[in-house]
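Asks: Have a look at this prediction, sequence included:
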Amino acid sequence: MMEWINSVLVVLAGLGLRLAIPIGITLLAVYVLHKVDVRWQEEAAQMPAQVDGDKPHCWDINACPAEKVKDCPVPASPEPCWQMHRQSNGYLAEACLNCQVFHQAPIPAPIHA
């Protein structure tokens with residue numbers, strides 16, 4: 001009877017270790033990554049926001065006439081000009097790919113909720 005109890009305890013201990021060690025390592029990794037994420041969020045909150053006021057305007061660079069600018073949706077939109085001129089399939093217009101405004105645009109910062 002004692003042998004049977006010892007065998008059951010050894011099997012249970014083996015299963016416990018086989019499950020407990022990976023779960024413990026996973027929980028430790030979650031804890032460490034959460035701490036790193038909190039630190040990165042605090043650092044990102046302290047960084048100054050990018051100012052969009054000094055960005056070049058496509059109608060200035062492309063020397064669009066005033067009549068064309070008046071009818072264009074870009075000046076009234078908060079979106080960049082290349083977003084407003086996307087093709088129906090979502091591709092950028094060929095003219096936008098070589099445009100100075102497109103190449104000088106900053107990479108957008110991710111927004112974390």
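Replies: Cool, the structure landed. Residues are numbered from 1 along each chain as shown.
Asks: What is the burial count for Val101?
Replies: By the criterion of other C-beta atoms under 10 Å, Val101 has 19 neighbours. For glycine as for every other residue, the C-beta is placed from the backbone atoms N, C-alpha and C.
Asks: typed the wrong thing, it's Cys99
Replies: 20.
Asks: In contact with it, which residues?
Replies: Going by C-beta atoms under 8 Å, 6 or more residues apart in numbering, Cys99 touches 58, 61-62, 81-82.
Asks: Show the model's pLDDT score for it.
Replies: According to the prediction, Cys99 has pLDDT 85.
Asks: cool, His112 as well?
Replies: On the pLDDT scale, His112 is placed at 69.
Asks: what do you get for Ile5?
Replies: 92.
Asks: ok, now how distant is it from Glu79?
Replies: Computed as C-beta to C-beta, to the nearest Å, the Ile5 to Glu79 distance reads 72 Å.
Asks: Neighbours of Pro73, how many?
Replies: When neighbours are defined as other C-beta under 10 Å, Pro73 has 10 of them.
Asks: and it, helix, strand or coil?
Replies: With DSSP: H, G, I helix; E, B strand; the rest coil as the basis, Pro73 sits in coil.
Asks: and the gap between it and Val38?
Replies: Per C-beta to C-beta, Pro73 is found 41 Å from Val38.
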